[in-house]
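Peer 1: Next one to model:
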Amino acid sequence: MISMNLKLHPAAVIIVKTLQEAGYEAEIVGGAVRDLLLNLPSYDWDITTNATPEMVEPLFTDSFYDNEYGTVKVAGKHLKEQFKLSEDECDDSMIFDITTYRSESGYTDKRRPDKVVWGKTIEEDLKRRDFTINALALRVNSEEIGEKKLEYDCEIIDPYGGQEDIKSKVIRAVGVPIERFNEDALRIMRAIRLAAQLGFAIETETFVALKATVSNLKEISWERIGAEVMKLLATEHAADGIVLIANTGILEIVIPELIKCRGVMQGGHHTHDVYTHLIESLRGCSSSDPVVRLATLLHDIDKPTVVKAEGPRGVTFHNHEVVGARTAKRIAERLKLPKKDQDKIFTLVRWHMFHYDPRMTDSAIRRFIRRVGVENIHDMIALRIGDRIGSGAKTTSWRLTELQKRIGEQLYEPLSLKDMAVDGADVMKILNIKPSRKVGEILNALFEEIIEDSGKNTKEYLEKRIVELG
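Peer 2: Model (predicted):
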């Protein structure tokens, strides 16, 4: 098939042409081709070739090759220098992978091939790939200057019907589905993530094979699983993706705590059981940050643990946010999230049960901001919006709108020790003392005063109080 006017990355085209001019075959391959055909932005520009790594390396300045899978890596900044590219044509931070055609066999660890053999044709290389929509290659044959931009005459190599599956919005395994999932169990997660990312359905035979091999995920490292979960949560259809991993048995391995929320009914304004509420809260979360979305998905995770049938509402969940914060953090730890993300999830779940009353003082608003953290305050509102939608309520209310307004006003007021007009050095100088616990105690006492009345945050007033407290 010949395609015109594809928006190819200039640096990727240069890599292909450099290899072709050296006498080798070379094609753009994989996700970039899929995204081009879907008119989506392409970020990973991978190139495949019949040249071995030893043949590729000399063609590109400062390229490097340190793995067993035949991949030479070239940084954008080096391509810019070598081929005199502009900032618009190539970003310094980009890394381009140039991989030799290969075939693979033996996957004893359910993740990586035991044996890699260099291939001779692009068709042989595409045979080893996971899904038909990723088993596409693009060969640049020529280029011409149009009125506004460079246009490329390209040949799309598609031996497994990937273009048709893109049109039909289907995720289909290459070849025999169960063989693909037995080779690399992470493909189980990737199939669902791609479906959620693109809004595609998983083809029936592929779906049946996926369900049959779910137990293979137990062989995969938590780092890999966690990365796929977070990629899934970053997709447009994240909530549908979570439902899909629940219906396939994956959730029982990855986040079994969510399964326990099924059938746990709630009283009051809630219209769903806890599980459905959490799924719908994720769907309604106004943040695109996967960390905030995970916190939203987990914010009521321990309601099944603390549930009691009592009171006029029929059921209570006292302290579920306290217990749930610890559970949510353990799940984040299991998924190998960075420590700062684990802490963020703990904070968001721990304090999500905030209430607003118009009679709240400004100092109470400042204390709320300080408790949640300035850096988390907007994410907490995003979680609350998801929580409201997941409960069957409207996106916002006059209370939430007024709280947001008052938070905005207080963000300009002192919210931490570093916002004070004096610091530890002032305390030590005025009282003529050395660093000690007393310095911290005085600073905390002063801070409590200015939280209550920000008008007291002046050097004159605080220096006077230091003398009095000393």
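Peer 1: where does the stretch 51-200 of the chain dip in pLDDT?
Peer 2: Across the stretch 51-200 of the chain, the ranges flagged by pLDDT under 70 are 66-70, 104-115, 142-151.
Peer 1: 80 instead?
Peer 2: The model of the stretch 51-200 of the chain has pLDDT under 80 over residues 65-70, 103-117, 141-153.
Peer 1: what are the ranges of the strands in it?
Peer 2: In the stretch 51-200 of the chain, the strands defined using DSSP state E, counting those that start in this stretch lie at 71-75, 95-100, 102-105, 115-118, 137-145, 150-157, 170-171.
Peer 1: likewise the stretch 201-350 of the chain?
Peer 2: 201-202.
Peer 1: All the helices of it, in order from the start?
Peer 2: In the stretch 201-350 of the chain, the segments counted as helices under DSSP state H, counting those that start in this stretch are 204-212, 222-233, 238-247, 251-254, 256-259, 274-284, 290-298, 303-306, 320-334, 339-350.
Peer 1: same question, the stretch 351-470 of the chain
Peer 2: 362-372, 377-390, 398-410, 424-431, 437-452, 459-469.
Peer 1: so which of these comes closest to residue 95?
Peer 2: helix 377-390 (29.8 Å; C-beta to C-beta). Heads up, the C-betas are built off the backbone N, CA and C, glycines and all.
Peer 1: and the closest one, what other elements does it pack with?
Peer 2: In terms of contacts (3 or more C-beta pairs under 8 Å, 6 or more residues apart in numbering; DSSP states H and E), helix 377-390 is packed against helix 274-284, helix 290-298, helix 339-350, helix 398-410.
Peer 1: Most tightly packed of those helices?
Peer 2: Using mean count of other C-beta atoms under 10 Å, the stretch among the helices and strands packed on helix 377-390 with the largest mean neighbour count is helix 290-298, at a mean of 26.
Peer 1: ok, and what's touching it?
Peer 2: 229-231, 233-234, 238, 242, 257-258, 278-279, 281-282, 285, 287, 324, 327-328, 331-332, 337, 341, 344-345, 348-349, 379, 382-383, 386-387 (C-beta atoms under 8 Å, 6 or more residues apart in numbering).
Peer 1: Settle this for me: residue 399 is touching residue 354, isn't it.
Peer 2: No. Counting by C-beta atoms under 8 Å, residue 399 stays clear of residue 354, with 10.7 Å between them.
Peer 1: can you list the domains in this structure?
Peer 2: Structural domains annotated on the chain: 2-161, 169-254, 259-410, 419-469, as defined by automatic domain parsing.
Peer 1: tell me how far the longest one is from the chain's mean position?
Peer 2: With C-alpha atoms, centre = their mean, to the nearest Å as the basis, the distance from the averaged C-alpha position of domain 2-161 to the chain average is 25 Å.
Peer 1: picking that back up, ok, which of the helices and strands packed on helix 377-390 comes nearest residue 118?
Peer 2: The nearest among the helices and strands packed on helix 377-390, by C-beta to C-beta, is helix 290-298 at 37.2 Å.
Peer 1: got the angle for that closest one vs helix 377-390?
Peer 2: Orientation of helix 290-298 against helix 377-390 (axes from the mean of the first three to the mean of the last three C-alpha atoms, to 10 degrees) gives an angle of 40 degrees.
Peer 1: got the angle between helix 290-298 and helix 320-334?
Peer 2: 130 degrees.
Peer 1: Now helix 290-298: average pLDDT?
Peer 2: The pLDDT scores in helix 290-298 average 98.
Peer 1: what's the answer for stretch 404-423, then?
Peer 2: 81.
Peer 1: same deal with stretch 261-279?
Peer 2: Stretch 261-279 shows a mean pLDDT of 85.
Peer 1: Pull out the CA atoms of that stretch and give them to me as PDB.
Peer 2: Extracted in PDB, the C-alpha atoms of stretch 261-279 (Å, rounded to 0.1, in the frame of the first residue of the first chain):
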ATOM      1  CA  CYS A 261     -15.500  -4.300  47.500                       C
ATOM      2  CA  ARG A 262     -18.000  -6.100  45.300                       C
ATOM      3  CA  GLY A 263     -21.500  -6.400  46.700                       C
ATOM      4  CA  VAL A 264     -20.700  -4.200  49.800                       C
ATOM      5  CA  MET A 265     -23.700  -1.900  49.700                       C
ATOM      6  CA  GLN A 266     -23.700   1.700  51.000                       C
ATOM      7  CA  GLY A 267     -26.400   3.800  52.500                       C
ATOM      8  CA  GLY A 268     -27.200   7.500  52.300                       C
ATOM      9  CA  HIS A 269     -26.600   9.300  49.000                       C
ATOM     10  CA  HIS A 270     -24.700   6.300  47.400                       C
ATOM     11  CA  THR A 271     -26.400   4.600  44.500                       C
ATOM     12  CA  HIS A 272     -23.800   1.800  44.000                       C
ATOM     13  CA  ASP A 273     -21.900  -0.900  45.900                       C
ATOM     14  CA  VAL A 274     -18.400   0.100  47.000                       C
ATOM     15  CA  TYR A 275     -16.700  -1.600  43.900                       C
ATOM     16  CA  THR A 276     -18.900   0.100  41.400                       C
ATOM     17  CA  HIS A 277     -18.600   3.400  43.200                       C
ATOM     18  CA  LEU A 278     -14.800   3.200  43.000                       C
ATOM     19  CA  ILE A 279     -14.900   2.300  39.300                       C
END
